[in-house]
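Engineer: Attaching a predicted model along with its sequence, questions to come.
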Amino acid sequence: MKKQDMIFGIHAFEALLSTSPERIIELWLLQGRDDERLQPLVARAEAFGVTVQLASRKVLDDKAQSSQHQGIVARVKAAKVLNEADLDELLAITEVPFLLILDGVTDPHNLGACLRNADAAGVQGIIVPKDNSVGLTSTVSKVACGAAETVPLFQVTNLARTMRHLQDKGIWIIGTAGEADCELYQAELKGPLAIAMGAEDKGLRRLTREGCDTLVSIPMAGSVSSLNVSVATGVCLFEAVRQRLG
């Protein structure tokens, strides 16, 4: 496990500063950039004793391994990897769980977008398998626009076993698949719930699919046969939100 990581982008850094400023080790800013968006963040970081350095765009590109850093890159202590025990702690204090299961999502942009969807929908945690899944990389944090700091990501050793554990605790698991029992808008999405999504190229793996209580499909009116996983996740989560608010 990496002991340190890089965070870049204004939203990702601001979220980290608000939730876990103690993780920030060092901060680099683009030389010559001095605007109203960055200065309050710099002042707050300096108040926590963070060392701030000016750097060229090339240096920031190299540190972030991306050109999409918006002139701010931070070296931080790696976030704690949450596991099954942490998930149990969450469930113990959550009256009506609303969870997202992502099976086989390996693209950091997709995971980052799913984190944003989950944060917006009020999801209390995301569950992913340790293997065949992307973790919380700097790209994930940048795409998530701060949601990586607010939505817990639980990495579990055996996803099928974890799903059975959730069911034992009274959580209904709904998965998305082509061979569905019903369409999304016909499904009951109230109460303790976990929505399981698979990667768009393969969908849910067989054991994950078989472990769901119900399978639903998203009705498609056009010629496209499937949606990007982050788009499909947003559709499913906000249908659940609509029902739960009704």
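Structural biologist: Perfect, I can see it now.

Engineer: what about stretch 202-209, start to end distance?
Structural biologist: 12 Å (C-alpha to C-alpha, to the nearest Å).

Engineer: average pLDDT across it?
Structural biologist: On average, the pLDDT along stretch 202-209 is 93.

Engineer: Okay, buried residues for that stretch please.
Structural biologist: Judged by neighbour count (16 or more other C-beta atoms under 10 Å), stretch 202-209 contains these buried residues: 203-205, 208-209. Placement of C-beta: from N, CA and C, glycine included.

Engineer: Residues contacting that stretch, please?
Structural biologist: Stretch 202-209 has contacts (C-beta atoms under 8 Å, 6 or more residues apart in numbering) with 101, 103-104, 159-160, 163, 175-178, 196-198, 212, 215.

Engineer: what do you get for stretch 19-27?
Structural biologist: 4, 13, 16-17, 42, 44-45, 48, 50-53, 72-77, 79, 149-150.

Engineer: Those residues in helices, which ones?
Structural biologist: Taking DSSP state H, the ones among the contacts of stretch 19-27 that sit in helices are 13, 16-17, 42, 44-45.

Engineer: can I get these in a markdown table with pLDDT?
Structural biologist: Output for the ones in helices among the contacts of stretch 19-27, formatted as a markdown table (pLDDT from 0 to 100):
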| residue | pLDDT |
| --- | --- |
| 13 | 93 |
| 16 | 91 |
| 17 | 93 |
| 42 | 91 |
| 44 | 93 |
| 45 | 94 |
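
Engineer: Among the residues you listed, name the buried ones.
Structural biologist: Looks like the ones in helices among the contacts of stretch 19-27 have 13, 16-17, 42, 45 buried, using 16+ other C-beta under 10 Å.

Engineer: Let me know whether residue 113 touches residue 140 as I believe.
Structural biologist: No - in this structure, residue 113 is not within contact of residue 140 by C-beta atoms under 8 Å, at 9.4 Å.

Engineer: Just the buried subset of the contacts of stretch 19-27, please.
Structural biologist: The neighbour-count criterion (16+ other C-beta under 10 Å) marks 13, 16-17, 42, 45, 50, 72-76, 79, 149 among these as buried.

Engineer: and the longest helix for the protein?
Structural biologist: The chain, longest helix under DSSP H: helix 229-245.
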